[in-house]
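[1] have a look at this prediction, sequence included:
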Amino acid sequence: MTEQSVTRIQVGGTEGTAPYEVLVGRQLLGELPGLIGRAGGPPAGGRGRVAVLHPEALAGTGEAIREDLAAQGYEAIAVQLPNAEEAKTAEVAAYCWKVLGQTGFTRTDVIIGVGGGATTDLAGFVAATWLRGVRWIAVPTTVLGMVDAAVGGKTGINTAEGKNLVGAFHPPAGVLCDLAALDSLPVNDYVSGLAEIIKAGFIADPAILDLVESDPEGARTPAGRHTAELIERSIRVKAEVVSGDLKESGRREILNYGHTLAHAIEKNERYKWRHGAAVSVGMVFAAELGRLAGRLDDATADRHRAVLESVGLPLTYRGDQWPRLLETMKVDKKSRGNLLRFIVLDGLAKPTVLEGPDPAVLLAAYGEVSA
Ligand SMILES: NC(=O)c1ccc[n+]([C@@H]2O[C@H](COP(=O)([O-])OP(=O)(O)OC[C@H]3O[C@@H](n4cnc5c(N)ncnc54)[C@H](O)[C@@H]3O)[C@@H](O)[C@H]2O)c1
Ligand SMILES: O=C(O)C(=O)C[C@@H](O)[C@H](O)[C@H](O)COP(=O)(O)O
Ligand SMILES: [Zn+2]
């Protein structure tokens, strides 16, 4: 991809939803008005209303986008959200509904979520629920947001009982990934997104793992020589999966690799852990579970620790938390009644579901990630 070129990745429409594009490039914000129009925007002539939802850390960016849209004739408001997971609450959603109600937001108006995955999850959830569904556009500004959260239509909030337990499947009308946004991303947040990239490598595209292993230091920075390819390959993995299973009735579950334990860790840490850090530990756990269940070869299981550690992601969690983590995993969205279900690998890029593993095997796998 050259400096000014834009990569367009298609996400197919399914289950009554429209197809959309994920744009990857630089200086992409000029694409917003066109996307708003294609999003079934306001009546001809009228520019209508646009709500730019952004985190506190991106107040300048949010206001700049609002000003630009106002200059183009939109009635544009900016709504500041808390940073990170503090945005993914019912209270913040209710605040957004109040603002939209007071602004007279109608079904031809558009919500724009500008921020990381926590912001786009909340913005998408507000779009899914306001007036039973208005259109929205995602402008992810983190690695994790670009390669995963903004694509695929999963939106939602956390509750005291668990991660993402309230939400809706509500695909965006388009996704703008401006790689320039990554220049200001703190390194720990940047590295957190690498967990989802490495996940895509293990479940579907092993070339991603080769790229990370060839330059782990470079993988940790926006200036890395493989940055654009790592991001685009990961988006393509997600786009291909969600194009065939929007509502996770089957194959989409593979994108949840490492997440059963990850979400339990995030809840146990009161959502203070970065999602990617929890997913990293969750993937090592899932690899050990696959190995102990006789499904995964040693080389691929061992490769998990090597690749994740090479970019600075954690491999272990507190060893004294198993009972609480197990309880939380029971309300994981992949569970069916009392049946625990895990995504494991039958080999590299061969994800599958392991149903009802022996509790002793689960405990032994946890022992392998216990600090
Ligand atoms: N819906 C999905 O399919 C999906 C997929 C993966 C993850 N997620 C969710 O995404 C969330 C994690 O997203 P994340 O890793 O992007 O974290 P995040 O949204 O919490 O952002 C991390 C921090 O960086 C700040 N920030 C964002 N962009 C920045 C930038 N360009 N420069 C400087 N600071 C910036 C944010 O304000 C925040 O403080 C989790 O809640 C996870 O559950 C959702
Ligand atoms: O898009 C999906 O499907 C995923 O599982 C992607 C995950 O990386 C993401 O964290 C997702 O939010 C987890 O889904 P959940 O249904 O377990 O909340
Ligand atoms: Zn995830």
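    Structure's in. What do you need? Numbering: from 1, shown residues only. Ligands and ions are numbered 1, 2, ... in the order given.

[2] what residues does the stretch 1-150 of the chain put near ligand 1?
    55, 57-58, 83-85, 88, 115-119, 121, 141-142, 144-145, 148-149 (CB under 6 Å from any ligand atom). To be clear about C-beta, it is placed using only N, CA and C from the backbone, and glycine gets the same treatment.

[3] show the buried residues in these.
    55, 57-58, 84-85, 88, 115-119, 121, 141-142, 144-145, 148-149 (16 or more other CB atoms under 10 Å).

[4] which ones among those residues lie within strands?
    The strands, defined by DSSP state E, take in 55, 115 from those.

[5] doesn't residue 139 lie inside a strand?
    Yes. Counting by DSSP: H, G, I helix; E, B strand; the rest coil, residue 139 is located in a strand.

[6] which residues are in contact with it?
    Contacts for residue 139 were tallied using CB atoms under 8 Å, 6 or more residues apart in numbering; they are 29, 32, 65, 112-115, 150, 175-176, 178.

[7] repeat for residue 189
    116, 142-144, 274.

[8] next one: it from residue 183, what distance?
    12 Å (CB to CB, to the nearest Å).

[9] joint contacts of these two?
    With CB under 8 Å, 6+ apart, residue 189 and residue 183 have no common neighbours.

[10] so where's the stretch 1-150 of the chain shaky on pLDDT?
    1-4, 39-46 (pLDDT under 70).

[11] so where do the strands sit in it?
    7-11, 20-25, 49-55, 75-81, 110-115, 135-140 (DSSP state E, counting those that start in this stretch).

[12] pretty sure residue 48 is touching residue 75, no?
    Yes. Proximity of residue 48 to residue 75 meets the contact threshold set by CB atoms under 8 Å, at 6.8 Å.

[13] neighbouring contacts of stretch 88-98?
    For stretch 88-98, using CB under 8 Å, 6+ apart, the contacting residues are 51, 53, 79, 81-82, 86, 118, 121-122, 125-126, 129-130, 156-159, 164, 166, 271.

[14] just those: which are in helices?
    The helices, defined by DSSP state H, take in 118, 121-122, 125-126, 129 from these.

[15] low-confidence regions, the stretch 251-371 of the chain specifically.
    For the stretch 251-371 of the chain, no range has pLDDT under 70.

[16] contact residues of it facing ligand 1?
    275-276.

[17] switch the cut-off to 5 Å
    Along the stretch 251-371 of the chain, the residues adjacent to ligand 1 under the rule CB under 5 Å from any ligand atom are residue 275.

[18] all helices of the stretch 251-371 of the chain, in order?
    Taking DSSP state H, counting those that start in this stretch as the criterion, the stretch 251-371 of the chain contains helices spanning 259-268, 275-292, 298-310, 322-329, 359-367.

[19] which stretch among those comes nearest ligand 2?
    Across these, ligand 2 has its closest neighbour in helix 259-268 (5.0 Å, CB to the nearest ligand atom).

[20] that closest one to helix 275-292, inter-axis angle?
    Per axes from the mean of the first three to the mean of the last three CA atoms, to 10 degrees, the angle that helix 259-268 makes with helix 275-292 is 140 degrees.

[21] off-centre distance for helix 259-268?
    Taking CA atoms, centre = their mean, to the nearest Å, one finds helix 259-268 lying 15 Å from the centre of the chain it belongs to.

[22] next, the contact list for the residue in the stretch 51-200 of the chain that ligand 2 sits nearest to, please.
    In the stretch 51-200 of the chain, the residue that lies nearest ligand 2 is residue 164 (3.2 Å; CB to the nearest ligand atom). Going by CB under 8 Å, 6+ apart, residue 164 touches 88, 121, 154, 156-158, 263, 333.

[23] ok, residue 201 touching residue 226?
    No. Assessed by CB under 8 Å, residue 201 is found out of contact with residue 226, at 11.9 Å.

[24] any common contacting residues for those two?
    residue 212.

[25] residue numbers of the stretch 201-350 of the chain in contact with ligand 2?
    Residues of the stretch 201-350 of the chain lying near ligand 2 (CB under 5 Å from any ligand atom): 252, 255-256, 333.

[26] what's the closest of the residues you listed to residue 365?
    residue 256 (16.4 Å; CB to CB).

[27] grab the nearest non-local neighbour of the closest one.
    Sequence neighbours aside, residue 343 is the residue nearest to residue 256 in space, at 5.4 Å (criterion: CB to CB, 6 or more residues apart in numbering).

[28] what's opposite the one you found in the beta bridge?
    residue 353 (DSSP bridges).

[29] pretty sure it is in contact with residue 357, am I right?
    No. Under the criterion of CB under 8 Å, residue 343 makes no contact with residue 357, lying 11.8 Å away.

[30] the two - which one has more neighbours?
    residue 343 (24 against 17; other CB atoms under 10 Å).
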